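1. Let's see this in three dimensions:
(2 chains)
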Amino acid sequence: MTQLILFNVTNGLIIGAFYVLMALGLSLILNLSNVINFAHGGFLVIGGYIAYTLTPYVGFWGALLIAPPLTAAIGLVVERLLIRPLYGRDPLYSLLLTFGLAFIIEDGTRFIWGAQGKPVTIPAFLAQPLSYEFFFITGYRLFMVVVVLFAIALLFLLLRYTRLGIRIRAGTLDLETVSALGVNVRTLRSLNFAVGIFLAGLSGVLAAGQLGLEPTMGAGVLMPSFIAIIVGGVGSLTGTLLGGLLIGVASGLAAVFLPAASEAIMYVLMAVVLLIRPRGLLGEEGMMT
Amino acid sequence: MSGEQTRKLIALAFIWVLLLLAPYWMAPLGGYTALGTRVLVLGLAAMSVNFLLGFTGVLSFGHAAWFGLGAYGCGLILKFIAPSTPLGLLAGTMLGGVMGGLLGALIVRRRGVYFAMVTIAFGQVFYYIAFQWSSLTGGDDGLRPFSRQPLHLGFTTIDILNDSIAFYYFVLLCFALAVSLMGFILRSPFGRTMLAIRENERRARFLGIPVERHIWIAFTLSCFFMGLAGALYALVNNFADPRGLHYSQSGDFVMMAVMGGMRSFWGPLLGAAVFVILQDYLSSITINWMSFVGLLFVLVVLFFPRGLLGAIRRKSEA
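-> Model prediction:
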């Protein structure tokens, strides 16, 4: 029993870390630009399929390095052409536009790569189980967690110490003042969007190695990422981090005791948090309320 | 009577005549009565979304949940409890409205994008319940078999099951009642308060209007209308589908409202008509209709944000 619980908690943490990666990207874009990016899952799929296409030529490691920036570049183009005209308008419009975009991306990947699931080959030594006692921890899962942790650390360092990061954080609090101080807000928003999409692309590559690829996989991870943001509190990236891990563990535990509820438990958790603390765990009052 | 009032009355009369005669003019134009019935039902749903979106200024992106609950409420009654169409409609409306009101109390304290996100996420709860609880709901396959029942009025029986034109008029009657009630609410002091909140929430608050409570009431009312639309939709299809609860269905409803023109009362009905006909047509000619619907979203948002009626009105003002 203990081992079973341990298994599911670890499993939950791994899945949670993955949600965090998605949710952080969504959260960045939401905080600075007030855009709910419904197409975020779509960018995950794009990242995964780019990795799939590149793997035969550059190997898994090459794909891991190249696919996320390529996805971010596509994101940059999308932001320039489609989303930029919508800043300053009711958030309804960017929501609807990215919603439509998610449709197009899903259908487009099906058109290009086919509806059949595609496997991505991972290096053999990562596919080995690490220990035969704890059979569930394959090298790849551990590797995933390490990459996610590394990416999160890098993101927080970027936000804390670089000029871009400081501007993004300042813009989240008060974009008008940042603009008045001479920062080009358009460029700031573009770069911020690209960083968010980079994280989605990275999630895509990691997910491809673990689960294989399907055109519909984007929609499945979108909702948990939303819940992670709501539970953690809109406006707080640390909250998003906490929220993602929390729902991962909660659904892991639910899988032990009530398997049918492992999806529903996230929503229950969200309802409880909203009931007790409407702004989310670490959300600040007055931010986007 | 001013010129504008006359114009409004003429437009109103035109809409109702068009709706009343629909079974007769649709067939020669290549449509069929069931298509008209679907437009009415989805139009009612889009108008319910717009009751909140266009007139209170609150973006709910999870309204498919209440629509789907209405459908399941109606279907479950017809399948398990009693073969009675009115009872099914009542149950569906109540299920959608009551659940919406309960969860609405949690939701209405948030605003803007946060409100949208919370409504999306809560909406998905019911999708998962319908999907998982297959012994009751039929899971992924949907709820069946059940069928709408003939109406027994005491002196006569109307066979809405087999006579599609009779069914159209039955749906039109429900639609007319719901829409009149909606219009009546919007013209009441309460409706004017909703508009005040939409235009300037802070000022409304300073005037002493309990904004949260008003939004909650508007949200709940809209959920009741949505439940009715969902229950009617179950009757249209003789089937309740978990995809009717999914957030992509919510997106479709919001799109209908925006495409038709969300600042106008009748806009969403027009949007629903265009959307339903377009989807019907596209899915018959291409398997990639999802891309086209997505493209429609993108184009409407970028070039037609005021919707069809909004664009027409703007032109006539210019």
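2. which strands and helices sit next to the one helix or strand A:Leu154 maps to?
-> Per DSSP states H and E, A:Leu154 falls inside helix A:139-161. With contacts taken as 3 or more Cβ pairs under 8 Å, 6 or more residues apart in numbering or on different chains; DSSP states H and E, helix A:139-161 sits against helix A:2-33, helix A:124-127, helix A:163-173, helix A:185-211, helix A:237-257. Where you see a C-beta, it was placed from the backbone N, CA and C, and this is true even at glycine.
3. Nearest to chain B, out of those?
-> Taking Cβ to the nearest Cβ, helix A:2-33 is the member of those nearest to chain B, at 6.5 Å.
4. Tell me the helices and strands packed up against that closest one.
-> Packed on helix A:2-33, when contacts are counted by 3+ Cβ pairs under 8 Å, 6+ apart, are helix A:40-78, helix A:139-161, helix A:163-173, helix A:185-211, helix A:217-232, helix A:237-257.
5. can you state the direction angle for that helix and helix A:40-78?
-> Inter-element angle recorded for helix A:2-33 and helix A:40-78: 30 degrees (by axes from the mean of the first three to the mean of the last three Cα atoms, to 10 degrees).
6. about what we covered before: would you single out the least confident of the helices and strands packed on helix A:139-161?
-> Per-stretch averages of pLDDT across the helices and strands packed on helix A:139-161 put helix A:124-127 at the bottom, with a mean of 73.
7. Of all the residues in that one, which ones are buried?
-> For helix A:124-127, a neighbour-count test (16 or more other Cβ atoms under 10 Å in any protein chain shown) marks A:Leu126 as buried.
8. and what of stretch A:20-28?
-> A:Val20, A:Leu21, A:Met22, A:Ala23, A:Leu24, A:Gly25, A:Leu26, A:Ser27, A:Leu28.
9. And for stretch A:66-80?
-> For stretch A:66-80, burial by neighbour count (16+ other Cβ under 10 Å) applies to A:Ile66, A:Ala67, A:Pro68, A:Pro69, A:Leu70, A:Thr71, A:Ala72, A:Ile74, A:Gly75, A:Leu76, A:Val78, A:Glu79.
10. Can you name the residue of the stretch 151-300 of chain B nearest chain A?
-> B:Phe297 (2.5 Å).
11. so who does that residue touch?
-> A:Leu96, A:Leu97, A:Phe99, A:Gly100, A:Leu101, A:Phe103, B:Gly251, B:Met255 (Cβ atoms under 8 Å, 6 or more residues apart in numbering or on different chains).
12. Kindly reformat those residues as JSON lines containing secondary structure.
-> Listed next are the contacts of B:Phe297 as JSON lines, based on DSSP: H, G, I helix; E, B strand; the rest coil:
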{"residue": "A:Leu96", "secondary structure": "helix"}
{"residue": "A:Leu97", "secondary structure": "helix"}
{"residue": "A:Phe99", "secondary structure": "helix"}
{"residue": "A:Gly100", "secondary structure": "helix"}
{"residue": "A:Leu101", "secondary structure": "helix"}
{"residue": "A:Phe103", "secondary structure": "helix"}
{"residue": "B:Gly251", "secondary structure": "helix"}
{"residue": "B:Met255", "secondary structure": "helix"}
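13. mind putting those in a markdown table, neighbour count and pLDDT included?
-> Output for the contacts of B:Phe297, formatted as a markdown table (neighbours: other Cβ atoms under 10 Å in any protein chain shown; pLDDT from 0 to 100):
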| residue | neighbour count | pLDDT |
| --- | --- | --- |
| A:Leu96 | 25 | 89 |
| A:Leu97 | 26 | 92 |
| A:Phe99 | 25 | 90 |
| A:Gly100 | 26 | 91 |
| A:Leu101 | 25 | 92 |
| A:Phe103 | 24 | 89 |
| B:Gly251 | 24 | 88 |
| B:Met255 | 24 | 89 |
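14. Let me know the closest of the residues you listed to B:Leu18.
-> Relative to B:Leu18, the closest of the contacts of B:Phe297 is B:Met255; by Cβ to Cβ it sits at 22.5 Å.
15. for the residue lying closest to A:Leu28 once chain neighbours are set aside, what are its contacts?
-> For A:Leu28, ignoring the flanking residues on the chain, the nearest one in space by Cβ to Cβ, 6 or more residues apart in numbering or on different chains is A:Gly196 at 4.4 Å. Contact partners of A:Gly196, counting by Cβ under 8 Å, 6+ apart, are A:Leu24, A:Gly25, A:Leu26, A:Leu28, A:Ile29, A:Asn37, A:His40, A:Gly75.
16. what about the closest residue to A:Pro68 other than its chain neighbours, how many neighbours?
-> Nearest residue to A:Pro68 in three dimensions, chain neighbours excluded: A:Gly201, at 3.8 Å (Cβ to Cβ, 6+ apart). Neighbour count of A:Gly201, defined by other Cβ atoms under 10 Å in any protein chain shown: 29.
17. Tell me if I'm right that A:Gly201 and A:Ile50 touch.
-> Yes: judged on Cβ atoms under 8 Å, A:Gly201 makes contact with A:Ile50 at a distance of 7.5 Å.
18. what is in contact with those two at once?
-> By the contact definition Cβ under 8 Å, 6+ apart, A:Gly201 and A:Ile50 are jointly contacted by A:Ala67, A:Leu70, A:Thr71.
19. okay, the last one: pLDDT?
-> The predicted local confidence for A:Thr71 comes out at a pLDDT of 94.
20. Which one of the contacts of B:Phe297 is nearest to A:Thr240?
-> Proximity of the contacts of B:Phe297 to A:Thr240 (Cβ to Cβ) peaks at A:Phe99, which lies at 21.3 Å.
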